[in-house]
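Chemist: Here you go, sequence then predicted model.
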Amino acid sequence: METRWLEDFLVLADTGSFTRSAELRHLTQPAFSRRIRALESWLGADLIDRTTYPTKLTAAGKLLQQQAVPLLAQLNTTRTMLRGLQPLPQGTLEFAVPHTLSFSYFPKWLTVVEDGFGQLSCRLQASNVHDAVLAFVEGGSDFLMCYHHPKQPVELHDARYGGLRLGVERLRPYSIMADGAPVYALPGRQEAPLPFLGYASNAYFRLMSDLLLVSGPQPAHLSLRYETDMAEGLKQMALAGHGLAFLPESSVAAECAAGLLTVAGGDEWSVEMEVQLYCDHRRPKPEQEALWDYLSARYPTV
């Protein structure tokens, strides 16, 4: 059982609407419904009366609603206490960042920022895109760094959040090389599909790579050989010669410069995503406000 399932349930109990709850939890409605079902399966009890509209709680749902609030509060208090056992310098800024950006983008960006602003004390919370956004909106971090694309947006329109555009990242296909050319190059052939290294269904880049394949200039002939939710895992599989993978440019810059990987398709097989930074202004720290003022003078707003 995951604590976020309880958090989903409490939002649903409060709103009485699957649609509105999914929006508040930054999920699609089918994904939100699956998580409620998963909670019911784990508990062995129906929490929602699906024979009526609008949504109502069953007797089990009402009991869980009473118990879940203090349970989550206790868990969050315990987490805070445990974090207190690992003290960080006063004024430490917490960043929620997706795994790929934490590997490839954040370190270089931080170097540039510190060259102008001065040294920062940071704690990085690396996770998938959804969990990074969730940690941020629930007050678990001072900043959120994330990808944004118009067809897969991160929608944080609340006045308490400020957003900046830090730059652009491009997702495109990569393969190992042989005789100066990619071993696996799009679009492939129907009689000999390319071995494809793909993202798991819960990964943000799965949505983006699916978008690329659907909107590509011609059908791509691929045979799925491997899936994971992390771009770093796909990069290692591509380096080992297991197939073609869609990867962010910043994550393979060194490998391409060394001749270990190369682009496996033209610009028509690529997509640009913005890298955005959000700040939570609800409980501003002096250090947080100072950094945000510095960044706001150098990057355009969202």
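Modeler: Happy to help now that I have it.
Chemist: list the contacts for the closest residue to residue 98 other than its chain neighbours?
Modeler: In this structure, residue 98 finds its nearest non-sequential neighbour in residue 129, 4.7 Å apart by CB to CB, 6 or more residues apart in numbering. For every residue, glycine as well, the C-beta is placed using N, CA and C. The contact partners of residue 129, by CB atoms under 8 Å, 6 or more residues apart in numbering, come to 98, 146, 147, 154, 203, 204.
Chemist: next one: phi and psi at the fourth one?
Modeler: Summarising the backbone geometry of residue 154 under the convention degrees, to the nearest 10, its torsions are phi -100, psi 110.
Chemist: per-residue confidence at it?
Modeler: We have a pLDDT of 80 for residue 154.
Chemist: again, but for the last one
Modeler: Looking at residue 204, its pLDDT is 88.
Chemist: So what does it look like in phi/psi?
Modeler: phi -60, psi -40.
Chemist: likewise the third one?
Modeler: Recorded main-chain torsions at residue 147 are phi -90, psi 160, according to degrees, to the nearest 10.
Chemist: What sits closest to it if chain neighbours are left out?
Modeler: Computed as CB to CB, 6+ apart, the closest residue to residue 147 that is not its neighbour in sequence is residue 273, at 4.5 Å.
Chemist: if I've got this straight, the one you found is in a strand?
Modeler: Yes: applying DSSP: H, G, I helix; E, B strand; the rest coil, one finds residue 273 inside a strand.
Chemist: partners of it in the sheet?
Modeler: Per DSSP bridges, residues listed as beta-bridge partners of residue 273: residue 169.
Chemist: Could I get the contacting residues of it?
Modeler: Counting by CB under 8 Å, 6+ apart, residue 273 makes contact with 147, 148, 149, 168, 169, 170, 171, 208.
Chemist: Narrow those residues to just the buried residues.
Modeler: Buried subset of the contacts of residue 273 (neighbour count, 16 or more other CB atoms under 10 Å): 147, 148, 149, 169, 171, 208.
Chemist: any chance of those residues in TSV, plus pLDDT and distance to residue 181?
Modeler: Output for the buried ones among the contacts of residue 273, formatted as TSV (pLDDT from 0 to 100; distance: CB to CB, whole Å):
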residue	pLDDT	distance to residue 181
147	92	30
148	91	33
149	91	30
169	94	25
171	96	21
208	93	25
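Chemist: Which two of those residues have the greatest separation?
Modeler: Farthest apart among the buried ones among the contacts of residue 273 by CB to CB are 148 and 171. That separation is 12.7 Å.
Chemist: quick one: the strands in this structure?
Modeler: 48-49, 56-57, 93-98, 122-127, 143-148, 161-175, 177-178, 181-182, 194-199, 222-228, 244-248, 262-263, 271-280 (DSSP state E).
Chemist: Quick one: those as JSON lines, columns for distance to residue 238 too.
Modeler: Output for the strands of the chain, formatted as JSON lines (distance: least, CB to CB, whole Å):
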{"stretch": "strand 48-49", "distance to residue 238": "43"}
{"stretch": "strand 56-57", "distance to residue 238": "48"}
{"stretch": "strand 93-98", "distance to residue 238": "19"}
{"stretch": "strand 122-127", "distance to residue 238": "21"}
{"stretch": "strand 143-148", "distance to residue 238": "20"}
{"stretch": "strand 161-175", "distance to residue 238": "6"}
{"stretch": "strand 177-178", "distance to residue 238": "11"}
{"stretch": "strand 181-182", "distance to residue 238": "10"}
{"stretch": "strand 194-199", "distance to residue 238": "6"}
{"stretch": "strand 222-228", "distance to residue 238": "10"}
{"stretch": "strand 244-248", "distance to residue 238": "4"}
{"stretch": "strand 262-263", "distance to residue 238": "10"}
{"stretch": "strand 271-280", "distance to residue 238": "18"}
